[in-house]
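**Student:** quick one: sequence plus predicted model below, questions after.
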Amino acid sequence: MLRRREISRHFCIALLTALLIVITPALAQQQAPPDQGGRTGASGDRGTGASTGERQLDRRSAGTISGTVIVQTGAVAVGADVQLTREDGSSKQEVSSGDNGEYSFVDLAPGPYHLTISSEGFSTESSSGELHPGETLIVPPIMLNVVTAVTNVKVEMTQVEVAEEQIKYQEQQRVLGFIPNFYASYVPDAAPLSPKQKFELAWKSVSDPITFVGVGALAGIYQAADQFGGYGQGAEGYAKRFGATYGSVFIGTFIDSAALPSLLKQDPRYFYRGTGSKKSRLLYALGNAVICKGDNMKYQPNYSAIVGSFITSGITYSYYPASDRSASLLIQSALIRIAEGSVAGLFQEFVVKKLTPHLKKEPPPRP
């Protein structure tokens, strides 16, 4: 009895298995939708076929952009940076030009594009256009121009150079257009003179033709008044007076305006003020004989003029006629030279500039 039950159970299992084998394909066939040809098929096979078709369509529309980068001389530009961007900025690609100057972008979607080409030492260039589906676009050669180096150089004159320019301006100053007025400065903060410039200015003054004319006129006045009678009269007496007068001018100029100012670092020029009350200007002009500006731009006692006046008087005293020599004459000559500085200052401050033709070019300022 037990044996028959086991056989019946095995028979039922076998029967159910057979039914499942037969029914399952039929159910699968009924659930699958018919394809375009009315046939059924697996959904995975259909999806695979659609993806392959899309990829084939993209390859057919993809394009290529290529070109060459050159420089001004016509030579190819090796290693230039070429950057491709799309109009919407959605993608950016970058390549470098090869040994032949060429570059290339492949598998590009159609549409507008923009190329930017740059290389060190050259200006950045660009090119734009539109790539059509499946097009192999060759961009015309793009030329890079050499960047012109712009260097801003600030050139500043040295103090000596500025002083030299100011001296050139001073050497054009002539009262009434012909009388030299080299020792007046109309630049309040003019650059101090170097020792060389002080000696050059002194030489310029004593060698000017008008200086010789002035000395000649003064020698004639001395002769007419029979001053320094020991020189006598006639041509010989005039020549001696001319030589003595020019000697005083020459020695005095180099001692008062070159040697001592270089040694004591003082400026031998008169610095025109032109502003302030008349009284302040008057006192300033009178004090010019005993007060001067140092090379440090500060006012100080004018040792150059004071000491120089006595040295010059002592030297010129040695060649005056013996009959005219005396200690009083030496001191008198020195004091007269100092007083002349005050008188000259008055003329410089109130008269000379008005009689000096104005120059078109202004004197250069101090740096």
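**Tutor:** Cool, got the structure.

**Student:** which residues does Ala305 contact?
**Tutor:** Asp256, Ala289, Val290, Cys292, Arg337, Ile338, Gly341 (CB atoms under 8 Å, 6 or more residues apart in numbering). For glycine as for every other residue, the C-beta is placed from the backbone atoms N, C-alpha and C.

**Student:** in strands, which of the residues you listed appear?
**Tutor:** Among the contacts of Ala305, DSSP state E puts Cys292 in strands.

**Student:** nearest to Thr85, of the contacts of Ala305?
**Tutor:** Of all the contacts of Ala305, Thr85 sits closest to Cys292, with 74.0 Å by CB to CB.

**Student:** for Asp295, see how far away the nearest residue to the closest one once chain neighbours are set aside is.
**Tutor:** In space, Cys292 comes closest to Asn302 once its chain neighbours are excluded; the distance is 3.9 Å by CB to CB, 6 or more residues apart in numbering. Distance, Asn302 to Asp295, using CB to CB, to the nearest Å: 13 Å.

**Student:** what sits in contact with each of the two?
**Tutor:** Counting by CB under 8 Å, 6+ apart, the common neighbours of Asn302 and Asp295 are Gln266.

**Student:** neighbour-wise, which of these two wins?
**Tutor:** Between Asn302 and Asp295, counting by other CB atoms under 10 Å, Asn302 is the more crowded of the two (27 against 17).

**Student:** what residues are up against that one?
**Tutor:** Applying CB under 8 Å, 6+ apart, we find Asn302 in contact with Gln266, Asn288, Ala289, Val290, Ile291, Cys292, Gly341.

**Student:** recalculate using a threshold of 6 Å.
**Tutor:** Applying CB atoms under 6 Å, 6 or more residues apart in numbering, we find Asn302 in contact with Val290, Ile291, Cys292.

**Student:** isn't Val252 up against Thr312?
**Tutor:** To be clear, residue 252 is Gly; Val isn't right here. Yes - applying CB atoms under 6 Å as the test, Gly252 and Thr312 come out as touching, 4.2 Å apart.

**Student:** circling back: and the pLDDT for the residue nearest to Cys292?
**Tutor:** At Asn302, the predicted lDDT confidence score is 94.

**Student:** before we move on, what about Lys360?
**Tutor:** 47.

**Student:** also Tyr231?
**Tutor:** Tyr231 is given a pLDDT of 89.

**Student:** residues near Met157, how many?
**Tutor:** Met157 has 14 nearby residues by other CB under 10 Å.

**Student:** and the gap between it and Arg269?
**Tutor:** In terms of CB to CB, Met157 sits 19 Å off from Arg269.

**Student:** name the element the closest residue to Pro110 other than its chain neighbours belongs to?
**Tutor:** Sequence neighbours aside, Pro133 is the residue nearest to Pro110 in space, at 4.5 Å (criterion: CB to CB, 6+ apart). For Pro133, there is no host helix or strand (DSSP states H and E).
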